[in-house]
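Enquirer: Predicted model follows, preceded by the sequence.
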Amino acid sequence: EPEVTQTPSHQVTQMGQEVILRCVPISNHLYFYWYRQILGQKVEFLVSFYNNEISEKSEIFDDQFSVERPDGSNFTLKIRSTKLEDSAMYFCASSTPQDEYGYTFGSGTRLTVV
Amino acid sequence: AQSVTQLGSHVSVSEGALVLLRCNYSSSVPPYLFWYVQYPNQGLQLLLKYTSAATLVKGINGFEAEFKKSETSFHLTKPSAHMSDAAEYFCAVSEGYQKVTFGTGTKLQVIP
């Protein structure tokens, strides 16, 4: 079964540093997403991306965040200046109407800001 | 706007007993509905999904869920709980191939 791959699985960074979380969506998928889950809380939508542009974003996704599809396979989430409250598990997901596997999540990157 | 309500943040069942995790949804269009399971410190694993085909959906690990439009419900069941079922379960809704909105989760404890 096709998978969404996220790297790294765990990243520790100092407050104020920039981080880039990487994702390789399923190859024939067209919609890409980032979600986050703060420890002990529910999974929250951050942003969706289609046709090389953001299609929707939540209020969490402020100017500190950006997404990019730098090539035909990767999808990245950048946090410019990390804050302690950015510590969370970040999930990438992808989907397409034509794919029988539907909406697939990666295994997540645990970001710890110290 | 789409939303999901999961009744019961914690559910305890005895090993071998019926598992019932409740989920009610709100959606302005016919929804896609999902159940995901999350084991400690791990990612989200899709248990099953409803995408407007059969109303009774069978998933992995013996779980199934029934879509009831009249009750706006999508409850998750398993006839006989196993110790390995202990995890957190999230119900989620999507209005098509757009964002997924998750419920607050239900932690399932299985008592030997």
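Expert: Received, thanks. Numbers count the residues shown, from 1 in each chain, chains lettered A, B, ... in the order given.

Enquirer: Next one: residue 86, what pLDDT does it get?
Expert: Defaulting to chain A. Note on A:Asp86: pLDDT of 97.

Enquirer: I was after chain B.
Expert: 97.

Enquirer: and if you look at the one 3 residues further on?
Expert: According to the per-residue confidence, B:Tyr89 scores 97 in pLDDT.

Enquirer: Start and end of stretch A:77-84, how far apart?
Expert: 17 Å (CA to CA, to the nearest Å).

Enquirer: how far does it sit from the chain's center?
Expert: In this view, stretch A:77-84 has its centroid 12 Å away from the chain centroid, taken as CA atoms, centre = their mean, to the nearest Å.

Enquirer: now stretch A:3-22
Expert: That offset, for stretch A:3-22, works out to 9 Å (CA atoms, centre = their mean).

Enquirer: what does stretch A:36-46 give?
Expert: Centre to centre, stretch against its chain (CA atoms, centre = their mean), the figure for stretch A:36-46 is 12 Å.

Enquirer: Just confirm yes or no for that stretch near chain B.
Expert: Yes - applying CB under 8 Å from any CB of the partner chain, one finds stretch A:36-46 touching chain B at A:42-45. Bear in mind the C-beta positions are built from the backbone N, C-alpha and C, glycine included.

Enquirer: how about these in JSON lines, adding pLDDT and secondary structure?
Expert: Putting the residues of stretch A:36-46 next to chain B into JSON lines (pLDDT from 0 to 100; DSSP: H, G, I helix; E, B strand; the rest coil) gives the following:
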{"residue": "A:Lys42", "pLDDT": "88", "secondary structure": "coil"}
{"residue": "A:Val43", "pLDDT": "93", "secondary structure": "coil"}
{"residue": "A:Glu44", "pLDDT": "95", "secondary structure": "strand"}
{"residue": "A:Phe45", "pLDDT": "94", "secondary structure": "strand"}
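
Enquirer: Neighbour count and distance to B:Leu7 added to those residues, as CSV?
Expert: Converted to CSV, the residues of stretch A:36-46 next to chain B look like this (neighbours: other CB atoms under 10 Å in any protein chain shown; distance: CB to CB, whole Å):
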residue, neighbour count, distance to B:Leu7
A:Lys42, 17, 14
A:Val43, 25, 18
A:Glu44, 18, 20
A:Phe45, 20, 22
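
Enquirer: Can I get the residues you listed in JSON lines including distance to B:Met83?
Expert: As requested, those are arranged in JSON lines below (distance: CB to CB, whole Å):
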{"residue": "A:Lys42", "distance to B:Met83": "25"}
{"residue": "A:Val43", "distance to B:Met83": "25"}
{"residue": "A:Glu44", "distance to B:Met83": "30"}
{"residue": "A:Phe45", "distance to B:Met83": "33"}
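
Enquirer: give me the number of residues near the closest residue in space to A:Trp34 that isn't next to it in sequence?
Expert: Leaving aside its chain neighbours, A:Trp34 sits nearest to A:Leu46 (4.3 Å; criterion: CB to CB, 6 or more residues apart in numbering or on different chains). Neighbours of A:Leu46 under the rule other CB atoms under 10 Å in any protein chain shown: 22.
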